[in-house]
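In: Here's my sequence, what's the structure:
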Amino acid sequence: MAYLDDKIRDQVTQFFQDLKDSVTIQIYPGPEGETAQVFTDLANEVADLSDLIMVSQTADAPVLEPGHSGDETISGPIATLLDSQGHATGIRFVGIPSGHEFGAFLEDIKAVSTREVNLSDKAKEALAQITQPVHIQVFTTPT
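Out: Below is the predicted model:
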């Protein structure tokens, strides 16, 4: 089943024209097989739009985010973006990036590939002042 229509495919292909380095969307399917399959199919559709995007699966569950008790499990699916060297970038999506999250998914792929982030100079200056690791989570819910 195709999730992206021709218009969206054309827009995403255009958006990806500036990609420089390869990016791998590594998916941990977890026990939610049907949801994981949808995520994998969507990721493969996105990857089909650029030779620099690949999709892989892993049976290794990602580590839990800080603040979890340690006895919790990850249900998946979770996608981690890997750079051209196969290193985790710290960017991951829990659940299918659909709706508004789809745009963020594409932006993140492009940022990993180009090593450029679309931030104002003021924001970049503020971030340069951070001297310790920071854990950031962004939560979205369908409305």
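
In: list the contacts for Leu106?
Out: Going by Cβ atoms under 8 Å, 6 or more residues apart in numbering, Leu106 touches Val12, Phe15, Phe16, Val46. In this view, the C-beta of every residue, glycine as well, is placed from N, C-alpha and C.

In: With Asp108 instead?
Out: Contacts of Asp108 by Cβ under 8 Å, 6+ apart are Leu81, Ile91.

In: I'd guess it is in a helix, am I close?
Out: Yes: the assignment for Asp108 by DSSP: H, G, I helix; E, B strand; the rest coil puts it in a helix.

In: What ranges does this structure have for its helices?
Out: 6-15, 33-47, 100-114, 121-128 (DSSP state H).

In: Need the CA coordinates for the second one. PDB is fine.
Out: Only the C-alpha atoms of helix 33-47 are listed here, as PDB (Å, rounded to 0.1, in the frame of the first residue of the first chain):
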ATOM      1  CA  GLY A  33       4.000  -5.800  14.200                       C
ATOM      2  CA  GLU A  34       1.300  -4.100  12.200                       C
ATOM      3  CA  THR A  35       2.300  -0.600  13.300                       C
ATOM      4  CA  ALA A  36       6.000  -1.400  12.600                       C
ATOM      5  CA  GLN A  37       5.100  -2.600   9.100                       C
ATOM      6  CA  VAL A  38       3.300   0.700   8.300                       C
ATOM      7  CA  PHE A  39       6.300   2.600   9.600                       C
ATOM      8  CA  THR A  40       8.700   0.500   7.600                       C
ATOM      9  CA  ASP A  41       6.600   0.800   4.400                       C
ATOM     10  CA  LEU A  42       6.400   4.600   4.800                       C
ATOM     11  CA  ALA A  43      10.200   4.800   5.500                       C
ATOM     12  CA  ASN A  44      10.900   2.700   2.400                       C
ATOM     13  CA  GLU A  45       8.700   5.000   0.300                       C
ATOM     14  CA  VAL A  46      10.700   8.000   1.600                       C
ATOM     15  CA  ALA A  47      14.000   6.200   0.900                       C
END
